[in-house]
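A.B. asks: Fold the following and give me the result.
(2 chains)
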Amino acid sequence: MEPRNLSIAEASRLIAARELSPVDLTQSVLDRAAAVEEQIHAFQTLTADAALEQARVAEAEIARGQHRGPLHGIPIGVKDLYATAGDPTTASSRLLADNVTDFDAAAVERLREAGAVIVGKTRTHEFAFGITSDPVRNPRSLEHIPGGSSGGSAAAVVARECLGALGSDTGGSIRMPAALSGATGIKPTFGRVSRHGMLPLGWSLDTAGPIGRDVEDLALLLQAIAGYDPRDPGSLDVPVPDFSGELGRGVEGLRLGLPTNHFWHPIATAVESSARAAIARLQGAGAEIVEVELPLSEYYAPVGWAICLSEAATYHKPALVERGELFGMDVRSQVEVGQFVLATDYVRAQRVRRMIKDAWRALFERERLDAVVAPTLPATAPRVGQQTFTWPDGTEEDTTPPFGRASLPANITGLPALSVPCGADEDGLPIGLQVIGRPLAEATVLAIGRAYERAAGPEARLPEPLIGSVADAA
Amino acid sequence: VTVDTHSAEAPAALLDERDLIGLMRAARIEIGDDRRAGILQFTNMFRGLLDQLAQVDAGEQVFDGGFDPRWVR
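C.D. replies: Coordinates of the predicted model:
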């Protein structure tokens, strides 16, 4: 087996036992990148030489008995929103084409301390403000988008150009590409992972988090990057549990809320059936399913858009005035429209946001819920250039709003939310199950995802992608 | 230019190109003729969302800036 086809957990065990060389593993993902990048375009910048040097250092340390832990010698991609010392950090924008950063973002610092090998900067939708991540393509089907904004991270993981990656999630930007590309992704609780050194989209919504191949790998990645950092004013000074240690606890006795509203209309038929089947599997594994009505659901989109547009417009105002022509057209338009949101609209949105948080807290307490389970998104990946969805009832809708609708509840409330693959549609395009947990309950969310993977067995793992003519023998 | 998006007498859909140009001037940004129609459409769509938000009775709810860490306690 090519080492790149191992999960992080599998590779880590072999590296620790000195049965796998970090240099060979890194070379394996770099070979893959060389073979498929012309089609996938997942990386903004590949740092192959630096990666091999890091891998050699890791190998030497491990040979000396200085094994740092499960990420030591593991090749990781970093979304191009995160600063990395000595590399371009461009947010995939022409505006930052020459922006070479001289420091590591907090999450990157922690990855390096854990011994991870940084293989490069993955493409993002420009400034994390969109869902297509163009020119990145979905490794499951090159005619489809990978989702966004962390599209390069999800595509690189799925295409085996790295074993895990950093993403960021302001309105679904980790969970959406994970679901559309067939990866796992977790948006941790707001404040769980430091955003120091990560370019902002919307300060009060932005969340740093990982994308991986399976839930076990997410636990390892989150363990490395979680923790208090006074350099991020949103960072929470709270203990970090042992995410991997709690993975196997199962769902026996857990109460999972199944929304009767918001997530199910409109929705693609295959997505609904896969998500409901996945929830039934969790029930079969011992979870109690409780039907719930999500509160104030008609206001998730207005609140999310008002906050995100206002905060993004504030950050980008100088660039818009001075060099607006360098923005991509879609991002420029959103930043421009953000200029027209009144201060009173923004404050109202934040007040309603608090009402939504309180209502969710009351729901969790009243129904004694451990999590809410729902589809990650109501549709599978659109084709490149596709502007609208046609729903089963014949109505049409632009492609962006439905994705935001499903993702925004966790961003507005700050709750941790996982996406785990739970099947595919008739074209083989992946479908995701979303698990939204209580504040700081990432361990429970991950355990539920892991329980689903186990209950589903091989169905939970999508087939290896065949990219163009480049088939990767397992 | 006055655009009262929260008034029942002046719903968001009444935002027209003259209003948009005024708003752009106030925001000190330039949008070429070729892009005005698209921006106007997006602005009106978004104004519709804000009108929806205006329907919420927020009562005595305070403004916590979105960072209030008490939520996770």
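
A.B. asks: How about stretch A:413-432, which residues are buried there?
C.D. replies: A:413-425, A:429-432 (16 or more other C-beta atoms under 10 Å in any protein chain shown). Heads up, the C-betas are built off the backbone N, CA and C, glycines and all.

A.B. asks: Show me those that map onto strands.
C.D. replies: Using DSSP state E, the members of those that fall in strands are A:Ala417, A:Leu418, A:Ser419, A:Val420, A:Pro421, A:Cys422, A:Gly423, A:Ala424, A:Pro430, A:Ile431, A:Gly432.

A.B. asks: Show me the two of these that sit farthest apart.
C.D. replies: A:Ala417 and A:Ala424 (21.1 Å; C-beta to C-beta).

A.B. asks: how about TSV for the ones in strands among the buried residues of stretch A:413-432, with distance to A:Asp80 and pLDDT added?
C.D. replies: Conversion of those to TSV gives the following (distance: C-beta to C-beta, whole Å; pLDDT from 0 to 100):
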residue	distance to A:Asp80	pLDDT
A:Ala417	23	98
A:Leu418	24	98
A:Ser419	21	98
A:Val420	25	97
A:Pro421	25	97
A:Cys422	29	96
A:Gly423	31	95
A:Ala424	29	95
A:Pro430	23	97
A:Ile431	27	97
A:Gly432	23	98
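
A.B. asks: Let me know the closest of the residues you listed to A:Lys121.
C.D. replies: Here the nearest of these to A:Lys121, counting by C-beta to C-beta, is A:Ser419; it sits at 22.5 Å.

A.B. asks: B:Leu40 contacts B:Ile21, correct?
C.D. replies: No: taking contacts as C-beta atoms under 8 Å, B:Leu40 lies outside contact range of B:Ile21: 9.8 Å.

A.B. asks: out of those two, which sits in the busier spot?
C.D. replies: Between B:Leu40 and B:Ile21, counted using other C-beta atoms under 10 Å in any protein chain shown, the more crowded position is B:Leu40 (18 against 14).

A.B. asks: now the more buried one, what's its secondary structure?
C.D. replies: With DSSP: H, G, I helix; E, B strand; the rest coil as the basis, B:Leu40 sits in helix.

A.B. asks: What strand or helix carries the residue nearest to it when sequence neighbours are not counted?
C.D. replies: Excluding the flanking residues, the one nearest B:Leu40 by C-beta to C-beta, 6 or more residues apart in numbering or on different chains is B:Leu20, at 5.2 Å. Per DSSP states H and E: B:Leu20 is located in helix B:17-27.

A.B. asks: swap in A:Val341?
C.D. replies: Assignment of secondary structure by DSSP H and E places A:Val341 within no helix or strand.

A.B. asks: Could I get the buried residue list for stretch A:110-120?
C.D. replies: Buried residues in stretch A:110-120, counted by 16+ other C-beta under 10 Å: A:Arg110, A:Leu111, A:Arg112, A:Ala114, A:Gly115, A:Ala116, A:Val117, A:Ile118, A:Val119, A:Gly120.

A.B. asks: Please apply the same query to stretch A:203-218.
C.D. replies: Those buried within stretch A:203-218 under the rule 16+ other C-beta under 10 Å are A:203-218.

A.B. asks: which one of the residues you listed sits closest to chain B?
C.D. replies: Set against chain B, the nearest of these by C-beta to the nearest C-beta is A:Ser204 (3.1 Å).

A.B. asks: Can you verify my assumption that A:Ser93 contacts A:Phe129?
C.D. replies: No: here A:Ser93 lies out of contact with A:Phe129, judged by C-beta under 8 Å, at a distance of 9.6 Å.

A.B. asks: if I look at the two, which residues touch both of them?
C.D. replies: Common contacts of A:Ser93 and A:Phe129 (C-beta atoms under 8 Å, 6 or more residues apart in numbering or on different chains): A:Val331.

A.B. asks: The two: which is more packed in?
C.D. replies: A:Phe129 (28 against 22).

A.B. asks: Next up, phi/psi of the closest residue in space to that one that isn't next to it in sequence, please.
C.D. replies: Distances taken as C-beta to C-beta, 6+ apart place A:Val331 nearest to A:Phe129, at 4.8 Å, with adjacent residues excluded. Per-residue torsions, A:Val331: phi -70, psi -40 (degrees, to the nearest 10).

A.B. asks: doesn't A:Gly130 make contact with A:Val331?
C.D. replies: Yes: using C-beta under 8 Å, A:Val331 is in contact with A:Gly130, at 6.4 Å.

A.B. asks: tell me the helices in the stretch 201-350 of chain A, going along the chain?
C.D. replies: Assigned by DSSP state H, counting those that start in this stretch, the stretch 201-350 of chain A shows helices spanning A:215-225, A:269-284, A:300-323, A:329-338, A:343-366.

A.B. asks: burial of the residue nearest to A:Phe129, as a residue count?
C.D. replies: A:Val331 has 21 neighbours, counted by other C-beta under 10 Å.

A.B. asks: Could you do the one 5 residues further on as well?
C.D. replies: Residues within reach of A:Glu336, counting by other C-beta under 10 Å, total 26.

A.B. asks: got it, and A:Glu252?
C.D. replies: Neighbours of A:Glu252 under the rule other C-beta under 10 Å: 10.

A.B. asks: which residues does it contact?
C.D. replies: A:Ala285, A:Gly286, A:Ala287.

A.B. asks: list the helices and strands the helix or strand hosting A:Glu453 packs on?
C.D. replies: Element membership for A:Glu453 (DSSP H and E) is helix A:442-456. Applying 3 or more C-beta pairs under 8 Å, 6 or more residues apart in numbering or on different chains; DSSP states H and E, one finds that helix A:442-456 contacts strand A:184-187, helix A:215-225, helix A:269-284, strand A:371-375, strand A:417-424, strand A:430-437.

A.B. asks: sorry, back to before: specify which member of the buried residues of stretch A:110-120 is nearest to chain B.
C.D. replies: After measuring those against chain B - C-beta to the nearest C-beta - the closest member comes out as A:Arg110, at 20.6 Å.

A.B. asks: For the stretch 151-300 of chain A, list the residues in contact with chain B, please.
C.D. replies: A:Thr189, A:Gly191, A:Trp203, A:Ser204, A:Leu205, A:Pro233, A:Gly234, A:Leu236, A:Val238, A:Leu296, A:Glu298, A:Tyr299 (C-beta under 8 Å from any C-beta of the partner chain).

A.B. asks: farthest-separated two in the residues you listed?
C.D. replies: Of all the pairs that those form, the one spanning the most space (C-beta to C-beta) is A:Val238 and A:Glu298, at 32.3 Å.

A.B. asks: Look at the two and report which has more neighbours.
C.D. replies: A:Val238 (17 against 12).

A.B. asks: one step back: nearest to A:Gly171, out of the helices of the stretch 201-350 of chain A?
C.D. replies: If you check each of the helices of the stretch 201-350 of chain A against A:Gly171 by C-beta to C-beta, helix A:300-323 wins as the nearest, at 5.8 Å.

A.B. asks: Name the spans of the chain whose pLDDT lies under the cut-off.
C.D. replies: You didn't say which chain, so I picked chain A. Where chain A drops to pLDDT under 70, the residues are A:459-460, A:468-474.

A.B. asks: try again with chain B
C.D. replies: In chain B (pLDDT under 70), the answer is B:1-15, B:68-73.

A.B. asks: Looking at it, which residue is nearest chain A?
C.D. replies: Counting by C-beta to the nearest C-beta, chain B gets nearest chain A through B:Gly66, at 3.1 Å.

A.B. asks: Doesn't that residue belong to a helix?
C.D. replies: No: read with three-state DSSP, B:Gly66 is coil and lies in no helix.

A.B. asks: where's A:Val36 relative to chain B, distance?
C.D. replies: According to C-beta to the nearest C-beta, to the nearest Å, A:Val36 and chain B sit 35 Å apart.

A.B. asks: what helices or strands is the helix or strand hosting that residue leaning on?
C.D. replies: If you go by DSSP H and E, A:Val36 is part of helix A:22-40. Judged by 3+ C-beta pairs under 8 Å, 6+ apart, helix A:22-40 is in contact with helix A:8-16, strand A:43-46, helix A:48-63, strand A:75-79, strand A:117-122, helix A:151-158.

A.B. asks: quick one, what contacts the most centrally placed residue in chain A?
C.D. replies: For chain A, the residue sitting closest to the mean C-alpha position, by C-alpha atoms, centre = their mean, is A:Ile174 at 2.0 Å. Residues counted as contacts of A:Ile174 (C-beta under 8 Å, 6+ apart) are A:Ser150, A:Gly167, A:Ser168, A:Gly185, A:Ile186, A:Lys187, A:Thr207, A:Gly209, A:Pro210, A:Ile211, A:Ser419.
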